[in-house]
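Colleague: make a model of this:
(chains A, B and C)
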Amino acid sequence: MKQACQIAADILERLRSHRPLILCLTNSVVQNFTANLLLAVGGVPVMLHHEEETEDLLHTCANGLLINVGTLSTAQATQMQRAVHSAARAGIPWVLDPVAVGLLRFRTRVCEELLSTPPAMIRGNASEIMALAGVDAATCRGPESEAASTEALEAASILARRTSTCVLVTGETDYMTDGTTTYSCANGHELMTRVTGMGCAMGALAAACVAVADTPLHAAIATAAIMGTCGEIAVAGAPRPGSLVPAMLDELDAITPEKLLQRARLAKL
Amino acid sequence: MKQACQIAADILERLRSHRPLILCLTNSVVQNFTANLLLAVGGVPVMLHHEEETEDLLHTCANGLLINVGTLSTAQATQMQRAVHSAARAGIPWVLDPVAVGLLRFRTRVCEELLSTPPAMIRGNASEIMALAGVDAATCRGPESEAASTEALEAASILARRTSTCVLVTGETDYMTDGTTTYSCANGHELMTRVTGMGCAMGALAAACVAVADTPLHAAIATAAIMGTCGEIAVAGAPRPGSLVPAMLDELDAITPEKLLQRARLAKL
Amino acid sequence: MKQACQIAADILERLRSHRPLILCLTNSVVQNFTANLLLAVGGVPVMLHHEEETEDLLHTCANGLLINVGTLSTAQATQMQRAVHSAARAGIPWVLDPVAVGLLRFRTRVCEELLSTPPAMIRGNASEIMALAGVDAATCRGPESEAASTEALEAASILARRTSTCVLVTGETDYMTDGTTTYSCANGHELMTRVTGMGCAMGALAAACVAVADTPLHAAIATAAIMGTCGEIAVAGAPRPGSLVPAMLDELDAITPEKLLQRARLAKL
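Modeller: So this is what the prediction gives:
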């Protein structure tokens, strides 16, 4: 779909020219890959553990905020609550990546509390989106999704309308909805699920796109298109999970708006 | 040794078909590599920092537990104690990786306390196994072993019998013993010691193998054979430490039971 | 400059023969890359989170200490204070990497307190060095430097004299000064700034060089020459940020004193 592809291409250009600074409060497994992914595509990553520093950064320099609850601690939950409030006061959009929500009680409570401050976007797999929407889909495969993303489409719409946010459901096909308008993205490759943090880093990219996009839905379109397109190009040259890591980062650096226009398989539903 | 190789090959097949979910309470340096290694070989890694979440996961979804004390904090020690107790109640096997035990007093105390709940396997280098067995071998090279693994063989047998566990001593030659029966594995390459977390990730693989094997000794045989075989194949194509990281993960994805049968150099002592 | 190149080459040889053990109290994003970089070039990395273990290691085995405040927490600040005091008592040199100092108040206070125990070296970008010297250059690009390193040269001399330490200012050209004598290093490549932790890992290399060098200024010369030379060789073969990571580690393993003598572009100012 030409119009959606153009949106994605424009946002990619803005990432490179604006270089948004994204505060990533994320899990301990994926911090390095997340930082390298943002640097490769054009953002500036910052990770912090101290509450006062978090607030200082949000009130001075940050352009976006990612909250990823993958390895939540009590202290980090408090840091995240304060960060979300500071972001709201500072007018900085935030993205929630509710890893394994619905499966583990502590993070489920924390996510519900965090959502009282509306994020610009929620990025999750089908199970996570269904759990947040109140459809029971708790999975025992940890951060993996067992529910197909199509099944979560209805849940995503419900969640988007209830929280007034944009929802990006990632899976074999990605879906992006603001509760009214829905797009799909058919790019990507199954091998990407064999690299830890590919989805988590996608949440960070979403926060970077939100920081430069006209609307969260546009940001979600760009996020899915950029990750999926770079992923499938990278897999073509690096068909094993170890070499996919550097190949993916290389492609996020190499991708051009023109290539995105040619290869993104976006559709309006 | 054909029988031992067949054991390793069978466990590799089970990793791919069962995809055991392994809760890894491990050090902060190696989390990403550990997660990618488990994903590459066929497991599902989960890392958590919150005690309640740890217990939730162990009582619902986890198939195995790794405890690696490499960067222990007071809070993590408490989390580990509770995790080991939960695992015991839930009937989930756990593996101890006692990094630098005997050298640093806090972790030495913590390891001793943890061992009051018997693990399925202890994986360490010669110095660590000797220290746990009460043979003085504290080393000043941090996580590296200065004692040859052969020297630790006697210590391993003592430790295995005293704790009723299986001991995997890694080094130039790996040794696996349950205190009665002992095997060796001659695969692997010295360059693997120049990549951080190669041994730690081996502990996570051990936990995955334990989760699908008939006995901990079988799991230890498979762990040594898979790591050593993949390592030497990877080094042949990537003879420097930086490119060894993706090459190792690629090989853990590519390795087949047939290749393992051909190349594993296992022997019964 | 032949004499400075010889200093760098000698220190590289000593890294390989002495294998200094470096305790790295560093940020959570770069621990893995830092450990792999030290292992590749010839050091032995240790990361710890527990205060008593930190002191144990400093009083038994450590040859050097890196303090990097990139993701400081209250607990880590206390650990660092005690570590610096222990290092001073044990006669172990330490290196400060004051990431984003001047921009975030908590770490600014912590760095000032830490500096009451003089480090052997401070490694920072221009903004950080200017902030520490009291020249206002707080930057909103997080760990990136917006001030050119030449601008920071005067600030570096002031800081070096005031704290009786050696200062290494990294940027397009690196500058090393003890407040009296100043060298420059023109090696390196812009792409290195697109990999997270390249500067932080350089701080760890600095701590390793300090541990084997005759003077901190010699260590700074070697640090800049080794990183810059390896970086530009690596970029020549891997001109994208993802593949630069393994290529950089490979080159740190492959670099010889002879190659360093040929390629290091060092000058006395």
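Colleague: how far off centre is stretch A:153-165?
Modeller: Relative to its chain's centre, stretch A:153-165 lies at 16 Å (C-alpha atoms, centre = their mean, to the nearest Å).
Colleague: which helix or strand lies directly C-terminal to the helix or strand containing residue A:154?
Modeller: Assigned by DSSP states H and E, residue A:154 falls within helix A:153-163. On the C-terminal side of helix A:153-163, the nearest following helix or strand under DSSP H and E is strand A:166-170.
Colleague: just checking, what packs against that following strand?
Modeller: Helices and strands touching strand A:166-170, by 3 or more C-beta pairs under 8 Å, 6 or more residues apart in numbering or on different chains; DSSP states H and E, are strand A:121-125, helix A:126-133, helix A:153-163, strand A:174-177, helix A:198-212, helix A:216-237. Heads up, the C-betas are built off the backbone N, CA and C, glycines and all.
Colleague: average pLDDT for the fifth one?
Modeller: Per-region confidence: helix A:198-212 scores 98 on mean pLDDT.
Colleague: tell me which strands and helices that helix is in contact with?
Modeller: Against helix A:198-212 (3+ C-beta pairs under 8 Å, 6+ apart) you get helix A:2-18, strand A:21-25, helix A:31-41, strand A:64-68, strand A:94-97, strand A:121-125, strand A:166-170, helix A:216-237.
Colleague: by how many degrees do the fourth one and helix A:31-41 diverge?
Modeller: Going back to what we said before, that points to strand A:64-68. 150 degrees (axes from the mean of the first three to the mean of the last three C-alpha atoms, to 10 degrees).
Colleague: just the buried positions in the helix holding residue A:154, please.
Modeller: Buried residues in helix A:153-163, counted by 16 or more other C-beta atoms under 10 Å in any protein chain shown: A:153, A:155-160, A:163.
Colleague: do you know which of the helices and strands packed on helix A:198-212 lies nearest residue B:111?
Modeller: When these are compared by C-beta to C-beta, helix A:31-41 sits nearest residue B:111, at 27.3 Å.
Colleague: anything in the helix or strand that the closest one is followed by sitting right up against chain C?
Modeller: Next in sequence after helix A:31-41, counting helices and strands by DSSP H and E, comes strand A:44-46. Yes. Strand A:44-46 lies within reach of chain C by C-beta under 8 Å from any C-beta of the partner chain, at A:44-46.
Colleague: still on that earlier bit, reformat the buried residues of helix A:153-163 as a markdown table; add distance to residue A:195.
Modeller: What follows is these, written out as a markdown table (distance: C-beta to C-beta, whole Å):
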| residue | distance to residue A:195 |
| --- | --- |
| A:153 | 25 |
| A:155 | 26 |
| A:156 | 24 |
| A:157 | 29 |
| A:158 | 31 |
| A:159 | 27 |
| A:160 | 28 |
| A:163 | 29 |
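Colleague: which of those are close to chain B?
Modeller: Applying C-beta under 8 Å from any C-beta to the buried residues of helix A:153-163, none is adjacent to chain B.
Colleague: excluding its backbone neighbours, what's nearest the closest residue to chain B within the stretch 151-269 of chain A?
Modeller: Going by C-beta to the nearest C-beta, chain B is nearest to residue A:242 of the stretch 151-269 of chain A, at 2.7 Å. Sequence neighbours aside, residue B:249 is the residue nearest to residue A:242 in space, at 2.7 Å (criterion: C-beta to C-beta, 6 or more residues apart in numbering or on different chains).
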